[in-house]
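A.B. asks: only geometry, no sequence info:
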């Protein structure tokens, strides 16, 4: 009886797509590949593939990312389910989208050239297939909200970072320039950053002091950290 009930229902494919944001110390990037099959073969795409019968969506996302880029042990969160009827021209396909934030420099050795995996600055992405641009835009918006309320931005940075690096990262996330002096004053006033004795001197002769995030103080002083962050609702 139950089997007969299921047999008359519509069947559709379930896919996963992975959005990987990375910071290289100078700009915010997104990872893309060249699609390896039709339709849209050879065009820029997110890392995607179908969920197998014997795996969860999370396992499928990790498998697809490893095969297409070489990246492994990357923590990803499910962003949204894209269910538009005609989003795939071949077959009705639901896509579960996962996103992640990484420090590019920690994963340089893993990145594979098999599918031409390439980092693009977030504001210089090429045209993407299907609804992948819509996926990225949604991921960017969520990133802005999460950056305002959680210390996830620091996952994109090395353990030690400079204030110019931190400012560049926030400007990339919010797509908005910030006054250098005002940014430094406000962020240092939170008391959440611990100044180090050494400097980063590759960018300038004078050099900039390194800082570390005091994670223990972060939750206690969360509101102070929000004072210098733009309102995500007013950003495009």
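C.D. replies: Looks like it came in fine. The model shown is predicted, which means the values in this text are computed figures rather than measured ones.
A.B. asks: All the strands of this protein, residue numbers only.
C.D. replies: Counting by DSSP state E, the chain has strands at residues 13-23, 28-34, 44-45, 47-50, 77-82, 93-103, 118-121, 161-162, 193-200, 208-213.
A.B. asks: Export those strands as a markdown table, with columns for mean neighbour count and distance to residue 69.
C.D. replies: Any C-beta I mention is one placed from the backbone N, CA and C, and that applies to glycine too. Converted to a markdown table, the strands of the chain look like this (neighbours: other C-beta atoms under 10 Å; distance: least, C-beta to C-beta, whole Å):
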| stretch | mean neighbour count | distance to residue 69 |
| --- | --- | --- |
| strand 13-23 | 22 | 8 |
| strand 28-34 | 22 | 7 |
| strand 44-45 | 20 | 12 |
| strand 47-50 | 19 | 6 |
| strand 77-82 | 16 | 18 |
| strand 93-103 | 22 | 11 |
| strand 118-121 | 15 | 10 |
| strand 161-162 | 21 | 25 |
| strand 193-200 | 13 | 28 |
| strand 208-213 | 17 | 28 |
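A.B. asks: got those as TSV, with distance to residue 136 and mean pLDDT columns?
C.D. replies: Shown next, in TSV, are these (distance: least, C-beta to C-beta, whole Å; pLDDT from 0 to 100):
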stretch	distance to residue 136	mean pLDDT
strand 13-23	6	95
strand 28-34	6	94
strand 44-45	11	96
strand 47-50	12	96
strand 77-82	10	96
strand 93-103	9	94
strand 118-121	10	94
strand 161-162	25	92
strand 193-200	30	89
strand 208-213	27	90
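A.B. asks: Out of the ones you listed, flag the one nearest residue 129.
C.D. replies: The stretch from the strands of the chain with the least distance to residue 129 (C-beta to C-beta) is strand 44-45; that distance is 4.9 Å.
A.B. asks: So what are the sheet partners of the closest one and their directions?
C.D. replies: Using DSSP bridges, the strands paired with strand 44-45 are strand 28-34 (antiparallel).
A.B. asks: Flag every buried residue along the helix ranked longest in the chain.
C.D. replies: For the chain, the helix reaching the highest residue count under DSSP state H is reported as helix 132-149. Buried residues in helix 132-149, defined by neighbour count with 16 or more other C-beta atoms under 10 Å: 132, 135, 136, 138, 139, 140, 142, 143, 144, 146, 147, 148.
A.B. asks: Name whatever forms a beta bridge with the nearest residue to the second one once chain neighbours are set aside.
C.D. replies: Spelled out, that is residue 135. Ranked by C-beta to C-beta, 6 or more residues apart in numbering and with sequence neighbours excluded, the top spatial neighbour of residue 135 is residue 97, at 5.1 Å. Beta-bridge pairing of residue 97 under DSSP bridges involves residue 17, residue 80.
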